[in-house]
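1. Fold the stuff below for me.
(one chain, ligands or ions: 1)
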Amino acid sequence: MNDYLVFSLLFVAIAIGWFLGRRSQRGSVNARDLPGQYYKGLNYLLDGRPDGAVDAFINALEVNSETLETHIALGNLLRKRGEVDRAIRIHQNLLARPSLPRVQVHQAHLELARDYISAGLLDRAERLLMDLVAESPAKRRASQWHLLDIYQSEREWQRAIDIALDLLPRKSLLGGSSAEDPEEPGQSVPTVLAHFYCELAEERHRAGELTAAQNLLLEALARDKQCVRASIMLGAVELDAGRAKQAIKALRRVRQQDPLYISESVPTLRDCYRQLGDEKALRAYLKECLDSHPSPPLLLATVEDIRASEGSEVAEAFLVAQLEKMPSLRGLEQLLDLQADVSEGQSGDKLGLVQNLVQRLIEERPSYRCSHCGFSGRHLHWFCPGCKYWGTVTPIRGTSLE
Ligand SMILES: [Zn+2]
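-> All right, here's what the predicted structure looks like:
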């Protein structure tokens, strides 16, 4: 049997024993009758049968204002262990008692909604949470954050935006960070709100509705002016709308917002400058960025540009000089590629073999990592699959793992 469960149930058993003892001292409980279930529960527990123990404890402890916390703690414990059905039964059992004060009914409601979320019964959770938003000022924000999670997982971005907007004003009235309230997650409302607008904008962009997409991205930037994703997407929308200069303006904003993402803006930026016939300006911009914020992905983009404009030999010399300062596997791969170019196939199979090896080494390494939970992968996720934070996955800039 799980040690953690035994420990936890023993704790609950002690709590129940304490309640029973206290109540019998006050004469409100028949001390000879009630502990029967309690000892039965303890026996189940000692026999290694936690299922029977849980039921016996529930029966032993009358539901009232004093014991509610214990019931809720037991329910939450079971939910955390993945025994959601039992947690639901405990919390539903609480709601079947009409004598409980409204505040405690709301607390049980919220826990039941959390059980439903854990069980994947999102429709039921949503209904409960909407009731709580309407009826319980104390549980309103906690319920709204859960609703936000639900809409997020169902990709219902407009509904997520509506909830997030509702969470905003009180936030600014409080004037504090979200970390002050233990029920609130760590990310700020404007940060997540900006990403919801980006998600909607992506849908509109795919549907070819460029003006709608543009407006949504401007809204994202109005909510969070540091939203690098909105700038990168706005660049792509502006370019599709035939406004290359506007696109460049949006994309160059990335450097001020978060230099780690400059390399992500380069492909669209290259298309923009090419359309304007001003590749020279791109080269100048890339070299400038490389000087101020050196990173392997940015180096590769710059070298690629030099290769296209000045040829492989110049690119190779530039890359060798840079690799001495900032060694990286991808840089090495590019160098081998350039050498194959320069030797025009004279280098034979050996170079091909080394190229293959380096490629395989690179394939085993992630290109992006979440600064919050450490999740890493080959692709840029704006929504971290590991910790469910927005905008925390960044290109890896370290040299050894790059
Ligand atoms: Zn993460």
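2. Okay, now the unreliable bits of the stretch 151-300 of the chain?
-> For the stretch 151-300 of the chain, the stretches flagged by pLDDT under 70 are 169-185.
3. Helices of the stretch 251-400 of the chain, residue ranges please.
-> Secondary structure of the stretch 251-400 of the chain by DSSP state H, counting those that start in this stretch: the helices cover 254-257, 262-276, 279-292, 296-310, 312-325, 329-343, 349-363.
4. want to try TSV for those, with distance to the ion as columns?
-> C-beta coordinates here come from the backbone N, C-alpha and C atoms, glycine included. Converted to TSV, the helices of the stretch 251-400 of the chain look like this (distance: least, Cβ to the ion, whole Å):
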stretch	distance to the ion
helix 254-257	20
helix 262-276	18
helix 279-292	26
helix 296-310	20
helix 312-325	30
helix 329-343	23
helix 349-363	22
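5. Tabulate the ones you listed (TSV), appending mean neighbour count and distance to Leu100.
-> Output for the helices of the stretch 251-400 of the chain, formatted as TSV (neighbours: other Cβ atoms under 10 Å; distance: least, Cβ to Cβ, whole Å):
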stretch	mean neighbour count	distance to Leu100
helix 254-257	18	50
helix 262-276	20	53
helix 279-292	15	62
helix 296-310	20	58
helix 312-325	16	68
helix 329-343	18	62
helix 349-363	13	59
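6. Contacts for stretch 361-370, please.
-> Outside of stretch 361-370, the residues within contact range by Cβ atoms under 8 Å, 6 or more residues apart in numbering are 297, 329-330, 333, 375-381, 384, 386-387, 389, 392-396, 401-402.
7. Now do that stretch: distance to the chain's middle.
-> In terms of Cα atoms, centre = their mean, to the nearest Å, the gap separating the centre of stretch 361-370 from the centre of its chain is 19 Å.
8. how about it: buried residues?
-> 362, 367-370 (16 or more other Cβ atoms under 10 Å).
9. before we move on, back to that, a markdown table for the helices of the stretch 251-400 of the chain, including distance to Glu69?
-> What follows is these, written out as a markdown table (distance: least, Cβ to Cβ, whole Å):
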| stretch | distance to Glu69 |
| --- | --- |
| helix 254-257 | 46 |
| helix 262-276 | 49 |
| helix 279-292 | 56 |
| helix 296-310 | 52 |
| helix 312-325 | 60 |
| helix 329-343 | 55 |
| helix 349-363 | 53 |
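10. Which member of the buried residues of stretch 361-370 is positioned nearest the ion?
-> The ion has its nearest neighbour among those in Cys370, at 3.1 Å by Cβ to the ion.
11. and the gap between that closest one and Pro327?
-> 24 Å (Cβ to Cβ, to the nearest Å).
12. can you check Asp115 too?
-> Counting by Cβ to Cβ, the separation of Asp115 from Pro327 is 52 Å.
13. cool, Pro296 as well?
-> Relative to Pro327, Pro296 is positioned 9 Å away (Cβ to Cβ).
14. How about Arg159?
-> Going from Arg159 to Pro327 by Cβ to Cβ gives 48 Å.
15. and those two? which has more neighbours close in?
-> A count of neighbours by other Cβ atoms under 10 Å puts Arg159 above the other of Arg159 and Pro327, at 17 against 13.
16. isn't the more buried one right up against Asp149?
-> No: contact status for Arg159 versus Asp149: not in contact, 11.8 Å apart, counting by Cβ atoms under 8 Å.
17. ok, and the closest non-adjacent residue to the residue of the stretch 1-150 of the chain at minimum distance from the ion?
-> Residue nearest to the ion within the stretch 1-150 of the chain: Asp149 (15.1 Å; Cβ to the ion). Leaving out its chain neighbours, the residue that sits closest to Asp149 by Cβ to Cβ, 6 or more residues apart in numbering is Ile117, at 7.3 Å.
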